[in-house]
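# One predicted model, sequence on top.
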Amino acid sequence: MTSAGIGHEALNPIKADLLPRLDPKFIELYNTHVANTPNRPIDLAVLRNVYSRLYGYGTAPAPACGKEYEVEIDGWAKYPGRITIRVYEPEGEAPAGGWPVHFDFHGGGWGLGDLETESHICRHICVRAGVVVVDVDYRLVPEFPFPTGIYDCYAAVRHVLEQAGSFNVKASIVTMGGVSAGGNIAFAVNHLARDAGIPIRAVVVGTPTVADIRKFAQPEDAPYASLKEMEFAPLLNWARLKWFDSLKWDSLSKDDGAKRAEQEKDAAWCQDLTDLAMDDCKGMADITVVMTAECDPLRDEGEAYAAKLEAAGNKVVVKRFAGVPHPFQHMDAVLDQAREFIQDTVDYIKSAAAA
């Protein structure tokens, strides 16, 4: 079966050749809740409406923070508009100078997701690491051109750090992270922060997207073995990646050549982070932690970017979780790997904040 054939819907029963590689607990969870979902055309509005609870069948309750509130701020000035951030604050009095601050950038392939998408992870980080967490509801494609989401998140970082006292945070102790597209955003914002002289203690991401798959007509054209190995992986596969990619690039102007060229230029440096020159990868966060999933088509590109960072002299940790697919982090009610991912995230952020 080729990538153009049938059976590419991300909700089909798991292919037989993938079953030995997947954790039996995941297989049972998937078969119970997902495998027999009828295939239907993808409706972006419907998918957005359900996305942040899409994996609720596997998500455990999260601890309660001391305080949660939302604030509207300005997004990327190039496309004026307001975005919302949600602030999670630990219990008790802030330490002298304010809490350490962690920025979360949610996943969703640039076109999905909101402040509920990773709220359970944000609450665990806030309570267990003892940091303020700022989650960013950045603007999505295709309504806003890529990379508006990246620059919205960077605007949120600048806003919070410039008004650190108002947010009860210490601007000198900053970490950031996210899952999937959010991991990509964290990588990109780290580059922008470095260029602006903003020190970042740690970047801690899960299953990040990094490469520009427009370059590849078929998964076998890519230098990343995982794209072919996991062409038909459950929950995220090659066809779904291509669908997300079409949303991303359909966001650029179609009827104004000059505007399109400018938008392509805005996106050029961050459309494939593994293409960056070695000098562009020097002097990043004090530590970068890249956690990947064995049964994720994005596995190898995340690890390739980590290798590039390490080759440029950065401290990097790479951890691959066996037996799980791309969105496993949301299934901590059932999967040991998801609970371990959350604990690792907490531990690295807590350690970086205390350094």
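Arrived safely.
# name the element Phe321 belongs to?
For Phe321, the element it lies in under DSSP states H and E is strand 316-325.
# likewise Leu47?
Counting by DSSP H and E, Leu47 is part of helix 44-51.
# got it, and Glu262?
helix 257-268.
# can I get the CA coordinates of the following helix or strand past that helix in CSV?
Using DSSP H and E, the helix or strand that follows helix 257-268 in sequence is strand 287-295. Presented in CSV, the C-alpha positions along strand 287-295 are these (Å, rounded to 0.1, in the frame of the first residue of the first chain):
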residue,chain,number,x,y,z
ILE,A,287,19.9,22.8,28.2
THR,A,288,17.6,21.5,25.5
VAL,A,289,15.6,18.4,26.2
VAL,A,290,14.0,16.6,23.2
MET,A,291,11.7,13.7,24.0
THR,A,292,10.5,11.7,21.1
ALA,A,293,8.2,8.7,20.6
GLU,A,294,9.3,5.5,18.9
CYS,A,295,6.1,5.1,16.8
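# Just give the strands next to strand 287-295 in its sheet, each with its orientation.
Looking at strand 287-295 with DSSP bridges, its partner strands are strand 202-206 (parallel), strand 316-325 (parallel).
# Make CSV from those and add distance to Cys122, mean neighbour count and mean pLDDT to it.
Any C-beta I mention is one placed from the backbone N, CA and C, and that applies to glycine too. Shown next, in CSV, are these (distance: least, C-beta to C-beta, whole Å; neighbours: other C-beta atoms under 10 Å; pLDDT from 0 to 100):
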stretch, distance to Cys122, mean neighbour count, mean pLDDT
strand 202-206, 13, 29, 98
strand 316-325, 20, 19, 98
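# Tell me where the protein has strands.
Ranges of strands within the chain are 67-74, 82-89, 99-105, 132-137, 169-179, 202-206, 287-295, 316-325, based on DSSP state E.
# Can you show me the CA trace of the first one as PDB?
Taking C-alpha atoms only, strand 67-74 is exported to PDB below (Å, rounded to 0.1, in the frame of the first residue of the first chain):
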ATOM      1  CA  LYS A  67      -4.400  30.500  40.900                       C
ATOM      2  CA  GLU A  68      -5.300  30.600  37.200                       C
ATOM      3  CA  TYR A  69      -6.300  33.700  35.200                       C
ATOM      4  CA  GLU A  70      -6.300  34.900  31.600                       C
ATOM      5  CA  VAL A  71      -5.000  38.100  30.200                       C
ATOM      6  CA  GLU A  72      -5.300  39.600  26.700                       C
ATOM      7  CA  ILE A  73      -2.100  41.000  25.100                       C
ATOM      8  CA  ASP A  74      -1.000  42.200  21.700                       C
END
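# If you count neighbours, what's buried in it?
Along strand 67-74, these residues count as buried under the neighbour rule (16 or more other C-beta atoms under 10 Å): Glu68, Val71, Ile73.
# Could I get the pLDDT score of Pro38?
Listed pLDDT for Pro38 reads 79.
# and it, how many residues sit next to it?
Neighbour count of Pro38, defined by other C-beta atoms under 10 Å: 6.
# and it, how far is that from Gly165?
Separation of Pro38 from Gly165 (C-beta to C-beta, to the nearest Å): 53 Å.
# what's the answer for Phe105, then?
As judged by C-beta to C-beta, Phe105 and Gly165 stand 23 Å apart.
# same thing with Ala353?
Counting by C-beta to C-beta, the gap between Ala353 and Gly165 amounts to 18 Å.
# Pick out whichever of the two has more residues nearby.
Ala353 (20 against 11).
# Which residue, neighbours along the chain excluded, lies closest to that one?
Distances taken as C-beta to C-beta, 6 or more residues apart in numbering put Pro100 closest to Ala353, at 3.7 Å, once the chain neighbours are dropped.
# pLDDT score for that neighbour?
pLDDT, Pro100: 98.
# again with the one 3 residues further on
Phe103 is assigned a predicted lDDT (pLDDT) of 99.
# Chain neighbours aside, what residue packs nearest to Glu264?
Leu252 (6.7 Å).
# thought that neighbour was touching Pro147?
No: judged on C-beta atoms under 8 Å, Leu252 makes no contact with Pro147 at a distance of 10.4 Å.
# what sits in contact with each of those two?
Common contacts of Leu252 and Pro147 (C-beta atoms under 8 Å, 6 or more residues apart in numbering): Ala267.
# Neighbour count: those two, which is higher?
Pro147 (26 against 19).
# who's in contact with the more buried one?
Neighbours of Pro147 in contact, by C-beta under 8 Å, 6+ apart: Ala188, Asp266, Ala267, Cys270, Gln271.
# Count the neighbours of Asp212 for me.
So Asp212, with other C-beta under 10 Å, has 19 neighbours.
# so what's it scoring on pLDDT?
Reading off the model, Asp212 has pLDDT 95.
# Same check on the one 5 residues further on?
At Ala217, the predicted lDDT confidence score is 94.
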